[in-house]
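Trainee: below is the structure, and that's it, no one-letter string:
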DNA sequence: GTCTATACCGAGATAGAC
DNA sequence: GTCTATCTCGGTATAGAC
């Protein structure tokens, strides 16, 4: 059934993603999610057997968001431009990062502690972007140290998000982004 | 000390700190803490009016841990040595960082989302170390950009901890620490 | 397929005996 | 001061009408 609104399953995932970003997934109750998505509570279980299954869908959704951005970046002419676009998007989202931290970082850290299948799945929130970054560095001619470079870039990103959030100050993102852009340009 | 048996209060805080590090504070029940600390559940409320008050004590304890380390570093002869000692301790704890993330980073991020007084208090987990780092950079002759340098160092630390934890790989710490040591030495 | 009502459990917190 | 027993509430999850 297709209405003007996205279907209920999609609405639940989107709402859960949004609410979990602000409060953490565990702290967000199914009742809250269902209400905000305008779906009766009991009905959630028609779409997801357990809350954990909903968590997996949230991870999947974050991955999709990254993939959509990646698809845009991949259209750019050179690996260096693609790396700069990645860094630029971090800068563009600095206010959000300061308010709620990194959307994938927080989720990854939280679900990692749950253990089990969820821990493994959530790790792809990091490994997939890092893999893409590594590919760009390799394409830019850095064969031997592509992994180190990718890790450094992603680690810097996670760090600035954590500090911007914890100290409630988006300025650290501005400073670090400037540093990273210089660094990329001189590679 | 407000009790006839200070050991229990301390035991509760230490146990809560340890358990919260592994699973997150919110996910750790008072029952679990009390049992592990060998204190009857109901008795917890003699030492802490609410769970939130216990959280504050945990933050205080993490701050004390940092202050103890800082006291050692402050004995070193030069600011540069002190900065290198800070970075060295990160390297020494890399296995732990990969297993459970940064003890202050995770706590800060989690409590920040709770809002209220706890959010403010937890921010000092970041601001106090950053302040100390800034002081070292200033003492090393970097008057104008001491804040930027301190933020960069702390942000790098948070980033490597997040990635080491999320991707389950302590190697990123080794790589980043090497980079930071070179950076400090050429300042 | 969709929704209401509810079971069930574990959490934080309290009362009060000793 | 210390501990046991218990209350209450909110959470996940289920049963079953429609």
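Mentor: That came through, no problem. As the structure is a computational prediction, the values presented were derived from the model and not from experiment.
Trainee: which parts of chain A sit against chain B?
Mentor: Proximity of chain A to chain B (C-beta under 8 Å from any C-beta of the partner chain) is limited to residues A:22-24, A:26-27, A:101, A:105-106, A:108-110, A:112-113, A:122-123, A:125-127, A:130, A:148, A:151-152, A:154-160, A:162-163, A:165-168, A:172, A:175-176, A:179. The C-beta positions use only the backbone N, C-alpha and C, and glycine is treated the same way.
Trainee: can you tell me which of those residues are buried?
Mentor: Buried members of these, scored by 16 or more other C-beta atoms under 10 Å in any protein chain shown, are A:23-24, A:26-27, A:101, A:105-106, A:108-110, A:112-113, A:122-123, A:125-127, A:130, A:148, A:151-152, A:154-160, A:162-163, A:165-167, A:172, A:175-176, A:179.
Trainee: can you flag which of the residues you listed belong to helices?
Mentor: Using DSSP state H, A:23, A:105-106, A:108-110, A:112-113, A:122-123, A:125-127, A:130, A:148, A:151-152, A:154-160, A:162-163, A:165-166, A:172, A:175-176, A:179 are the members of these that sit in helices.
Trainee: tell me how many other residues crowd residue A:75.
Mentor: By other C-beta atoms under 10 Å in any protein chain shown, 9 other residues sit near residue A:75.
Trainee: for chain B, what's the nearest residue on chain A?
Mentor: residue A:159 (2.6 Å; C-beta to the nearest C-beta).
Trainee: just the pLDDT for the closest residue to that residue other than its chain neighbours.
Mentor: Of all residues not flanking residue A:159 in the chain, residue B:159 sits nearest, at 2.6 Å (C-beta to C-beta, 6 or more residues apart in numbering or on different chains). pLDDT, residue B:159: 98.
Trainee: residue B:159 touches residue A:151, doesn't it?
Mentor: No. At 9.4 Å, residue B:159 and residue A:151 do not qualify as touching, with contact defined as C-beta atoms under 8 Å.
Trainee: quick one: common contacting residues for the two?
Mentor: Listed contacts common to residue B:159 and residue A:151 are residue B:176; contacts here mean C-beta atoms under 8 Å, 6 or more residues apart in numbering or on different chains.
Trainee: contacts for whichever helix or strand residue A:53 is part of next, please.
Mentor: Element membership for residue A:53 (DSSP states H and E) is helix A:51-73. Residues outside helix A:51-73 that contact it (C-beta under 8 Å, 6+ apart) are A:12-14, A:16-17, A:20, A:25, A:30, A:33, A:44, A:48, A:82, A:85-86, A:89, A:103-104, A:107, A:111, A:114, A:117-118, A:121-122, A:124-125, A:128-129, A:132.
Trainee: with stretch A:120-132 instead?
Mentor: By C-beta under 8 Å, 6+ apart, the surrounding residues in contact with stretch A:120-132 are A:56, A:59, A:62-63, A:66, A:70, A:104, A:107-108, A:111-112, A:150-151, A:154, B:163, B:166-168.
Trainee: so is stretch A:20-31 next to DNA strand C?
Mentor: No. Using C-beta under 7 Å from any atom of the strand, stretch A:20-31 stays clear of DNA strand C, coming no nearer than 8.8 Å.
Trainee: state the mean pLDDT of that stretch.
Mentor: 97.
Trainee: what residue spans form the domains of chain A?
Mentor: Chain A breaks down into these domains under automatic domain parsing: A:1-48, A:59-185.
Trainee: from these, which stretch is densest packed?
Mentor: Compared across the domains of chain A, domain A:59-185 shows the largest average neighbour count, a mean of 19 (mean count of other C-beta atoms under 10 Å in any protein chain shown).
Trainee: who touches the residue of chain A closest to chain B in this structure?
Mentor: A:176, B:154-160, B:162.
Trainee: repeat the analysis, applying 10 Å as the threshold.
Mentor: A:102, A:105, A:172, A:176, B:105, B:151-163, B:176 (C-beta atoms under 10 Å, 6 or more residues apart in numbering or on different chains).
Trainee: and if you look at residue A:6?
Mentor: By C-beta under 10 Å, 6+ apart, the contact set of residue A:6 is A:12-14, A:37.
Trainee: same question, residue A:153
Mentor: Contacts of residue A:153 (C-beta under 10 Å, 6+ apart): A:83, A:86-87, A:90, A:129-130, A:133-134, A:136-137, A:180, A:183-184, B:159.
Trainee: try 6 Å
Mentor: The neighbourhood of residue A:153, defined by C-beta atoms under 6 Å, 6 or more residues apart in numbering or on different chains, consists of residue A:133.
Trainee: hmm, stretch A:103-122 touching DNA strand D?
Mentor: No. Counting by C-beta under 7 Å from any atom of the strand, DNA strand D has no neighbours in stretch A:103-122; the shortest distance is 12.0 Å.
Trainee: got the end-to-end distance for that stretch?
Mentor: 12 Å (C-alpha to C-alpha, to the nearest Å).
Trainee: likewise for stretch A:135-151?
Mentor: 12 Å.
Trainee: now it: how far from the chain's centre is it?
Mentor: With C-alpha atoms, centre = their mean, to the nearest Å as the basis, stretch A:135-151 stands 21 Å off its chain's centre.
Trainee: how about residues contacting that stretch?
Mentor: Outside stretch A:135-151, the residues that reach it (C-beta under 6 Å, 6+ apart) are A:79-80, A:82-83, A:130, A:133-134, B:172, B:175.
Trainee: can we see that at 10 Å?
Mentor: A:73-74, A:76, A:78-83, A:85-86, A:126, A:129-134, A:152-153, A:183-184, A:187, B:159-160, B:163-164, B:167, B:169, B:171-172, B:175-176, B:178-179.
Trainee: residue A:94 contacts residue A:164, doesn't it?
Mentor: Yes. Judged on C-beta atoms under 10 Å, residue A:94 makes contact with residue A:164 at a distance of 6.7 Å.
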